[in-house]
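Undergrad: curious how this folds, go ahead:
(one chain, ligands or ions: 2)
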Amino acid sequence: MVEIRLTNTKTRRKEGFTPLDPSNVRLYLCGPTVYDRAHLGNARPVLVFDVLVGLLRHVYGADQVTYVRNFTDVDDKINAEAQRRKGLGSPLSLEDLISERTEETIGWYHADMDALGAARPDFEPRATQYIPQMITMIETLIARGNAYAKAGHVLFRVRSFDDYGKLSGRSVDDMIAGARVEVAPFKEDPMDFVLWKPSDDDLPGWDSPWGRGRPGWHIECSAMSAELLGDSFDIHGGGIDLQFPHHENEVAQSCCAHPHAGFANVWLHNEMLQVEGKKMSKSLGNFFTVRDLLDQGVPGEVIRFVMLSTHYRKPMDWTDVKRAEAEAVLRRWRGLTAGIEPAATPAPAVIAALADDLNTAGAIAALHELAGQGDGAGLLAGARMLGLLTDDLGGWAEAGDEAGALIEALLAARTDARKARDFARADAIRDGFATAGVEVKDTVAGAEWSLATGFDLARLKALVAEVGS
Ligand code: AMP
Ligand code: ZN
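TA: Ligands and ions are numbered 1, 2, ... in the order given. Reported below is the predicted structural model:
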C-alpha cells in the first residue's frame, strides 16, 4: 500500500499517515461562514482537501472515506446582513431574512466549488441543525469544571486545560501579554472564550439552560465533528489563519469533553492565498470572489490548476501570468488527450508526489513529463488524480475550440478586407476583437491570437454576424 506522509501541525513534522480505522478514514474541514460569496482564498482549503480526499479514496477505497465540511450559518456577520436588509425596508422577518441569506449563500458556494471541480463532501452539516449537541457538550464541560456560566454567557476556562496553546505553539502567558483578548466583566480570566452567549429579541436564539442564546463559533465544529465522525478521527484541516484561536479552542473543548479520546490525529493547515504578491484585502482593492473570476471567463479548471501549482504549505500567489500559462498548458493537454481513454492506473510518479505531503506541484511536474513523452493515456489518468482534464471541467476548452474557428475565419476575412482596401471592414474586425477580448498580434509569420481574461464568446459570434466571415 502507498504510504501517505502528511505534515501534522500538532507535531510540526511530516509523518506517515495511519488511519484509526482503514475501513473508514475520517476528515473534517472547517467550512465557510455563509454571509457572502466565497473569495478566491476560501477555495484553497477546499481544493487541497479535494485532492487529499481523492488520494485517500484511491489508497483506501472509494467508500472507505468520510469527509465532513460544515456551514457556519449562525454568526454576527449573517445577522448584520439580515439587519441591513431589514433596514432597507424588507417586509420579511429577521429570521426569514437570515435564512434567505444563508440559503442563498450556500447555493452560491455549491455552484462556485462545483465549478472548480471540487466534489461535495459526504456530510455538510449546518451549525443551526446541531444546537442540541452543542448544548449537551457545553453542559459536559461545565460538569467537568472546564466551563462556567455567568450572566447568560458560558465561557471556557482556558486555565483548566494544561495543553492549551500546544497546537499553535503559544504559551498562555505570552498570549495574554501580547494579545487582543477581550476583557469582559463576565470572564474569570481574559483568555476565556465564549461557548454560549445571550441573544436579545432581535437576534436568532435557542432556549438553553442559560437562557435564550446562541453558540460561539468554536463549539460548532467540536460538536458537529463528534456527532458525525466520533470523538477521535483522522484529519482536521483549514487555513493557517484558523490555527489560533479557532482550532486551539476546538482542541480544548473536544479534549476536555472527551478526555479519553484524541480528537483529530493529524492537523493540516494550508497557507494563505495572495494576489500579485500582496495580501488579498478589500482595502487594497485586490479582493475578488471565485464568481468574479468565473464571470470574467476564467475557467474553473484554470483556477484549479493555478491553485494546485503551489504546495499547500507555501503562500500562493494568484497572478494573471499564471492564469494565462495554466490556460495554455490545459489547452495543450486537452488536445493531447482528446478521444483517449485514461491509463488503468495513474503513473507512480504522480501518486508518489501526492503521497509526499500532497505535493501537487510535484504531481504537475510529473504530468508535464508524461505530456512531453506524448503519453496521453498516462497524462489523463494522472491529471484526474488532481481533478484536472475531467469531462465535467472541459466545457471551456470546447468553447475555446469554437472560438478558435471563429477567430481564424475572422482573421481570414480581415486579410481579404485589407487586400480589397476595405479598411472600414478591417477596422471593424480589429475593434470587434478588442471588445470580445481577443488579443491579436501581427507577426511576420502571420497573426497570433490569445483570449484575454474577459473573453466573451457571445460578442465574438455577434462580430461574425456583423462583419461576415
Ligand atoms: P472563513 O469563512 O473566513 O472562516 O474561511 C473559510 C476557509 O477559508 C477557512 O479554512 C480559512 O482558513 C480559509 N481562508 C480564508 N482566507 C484565506 C486565504 N486568503 N487563503 C487561503 N485560505 C483562506
Ligand atoms: Zn472549525
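
Undergrad: tell me the secondary structure at A371.
TA: helix (DSSP: H, G, I helix; E, B strand; the rest coil).

Undergrad: who's in contact with the residue nearest to it when sequence neighbours are not counted?
TA: Spatial nearest neighbour of A371, chain neighbours left out: L379 (5.2 Å); criterion: Cβ to Cβ, 6 or more residues apart in numbering. C-betas here are computed from N, CA, C, even on glycine. By Cβ atoms under 8 Å, 6 or more residues apart in numbering, the contact set of L379 is 333, 336-337, 367, 370-371, 389.

Undergrad: so which of the residues you listed is the most crowded?
TA: For the contacts of L379, the largest neighbour count, defined by other Cβ atoms under 10 Å, is 27 neighbours, found at L367.

Undergrad: before we move on, which element is L367 in?
TA: Applying DSSP states H and E as the criterion places L367 in helix 360-372.

Undergrad: now the helix or strand just after that helix: mean pLDDT?
TA: Per DSSP H and E, the first helix or strand lying C-terminal to helix 360-372 is helix 376-385. For helix 376-385, mean pLDDT is 98.

Undergrad: relative to helix 360-372, how tilted is helix 376-385?
TA: With axes from the mean of the first three to the mean of the last three Cα atoms, to 10 degrees defining the directions, helix 376-385 sits at 160 degrees from helix 360-372.

Undergrad: start the count at 51, not 1, going forward
TA: Sure, I'll start counting at 51 from here, so that last one is helix 426-435.

Undergrad: measure how far helix 426-435 is from the centre of its chain, please.
TA: Between the centre of helix 426-435 and the centre of its chain there are 23 Å (Cα atoms, centre = their mean, to the nearest Å).

Undergrad: repeat for stretch 154-164
TA: Using Cα atoms, centre = their mean, the offset of stretch 154-164 from its chain centre is 11 Å.

Undergrad: please identify the buried residues of it?
TA: 155-156, 158-159, 162-163 (16 or more other Cβ atoms under 10 Å).

Undergrad: got a list of contacts for it?
TA: Stretch 154-164 has contacts (Cβ under 8 Å, 6+ apart) with 82, 84-88, 93, 96, 121, 123, 170, 176, 339-341, 344.

Undergrad: could you single out the nearest of those residues to K491?
TA: Minimum distance to K491 across the contacts of stretch 154-164 is 26.7 Å, recorded for L344 (Cβ to Cβ).

Undergrad: what does the helix holding L417 contact?
TA: For helix 410-422, contacts defined as Cβ under 8 Å, 6+ apart pick out 101, 355, 358-362, 379, 382-383, 386, 397, 399-400, 403-404, 406, 428-429, 432-433, 435-436, 438.

Undergrad: which of those are buried?
TA: 101, 355, 358-362, 379, 383, 386, 397, 399-400, 403-404, 428-429, 432-433, 435-436, 438.

Undergrad: for the closest residue to ligand 1 within the stretch 101-250 of the chain, name its beta-bridge partners.
TA: Of all residues in the stretch 101-250 of the chain, the one sitting closest to ligand 1 is T122 (6.9 Å; Cβ to the nearest ligand atom). Applying DSSP bridges to T122 gives these bridge partners: T83.

Undergrad: report the contact partners of it.
TA: Each residue near T122 by Cβ under 8 Å, 6+ apart is listed here: 81-84, 177, 267, 270.

Undergrad: distance to T116, pLDDT and neighbour count added to these, as CSV?
TA: Listed next are the contacts of T122 as CSV, based on distance: Cβ to Cβ, whole Å; pLDDT from 0 to 100; neighbours: other Cβ atoms under 10 Å:
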residue, distance to T116, pLDDT, neighbour count
G81, 15, 97, 27
P82, 20, 96, 22
T83, 23, 95, 20
V84, 22, 95, 25
A177, 19, 97, 25
W267, 23, 95, 19
E270, 18, 98, 28
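
Undergrad: and these near ligand 1, which?
TA: Near ligand 1, judged by Cβ under 6 Å from any ligand atom, the entries from these are 82-83.

Undergrad: which bits of the stretch 101-250 of the chain sit near ligand 2?
TA: For the stretch 101-250 of the chain, no residue is in contact with ligand 2 (Cβ under 5 Å from the ion).

Undergrad: strands of the stretch 101-250 of the chain, residue ranges please.
TA: Remark: strands assigned in the stretch 101-250 of the chain by DSSP state E, counting those that start in this stretch are 115-119, 197-200, 203-206, 243-248.

Undergrad: so which of those is the most packed in?
TA: Mean neighbour count (mean count of other Cβ atoms under 10 Å) peaks for strand 203-206 among the strands of the stretch 101-250 of the chain, with a mean of 24.

Undergrad: okay, now the unreliable bits of the chain?
TA: For the chain, the stretches with pLDDT under 70 are 227-231, 519.
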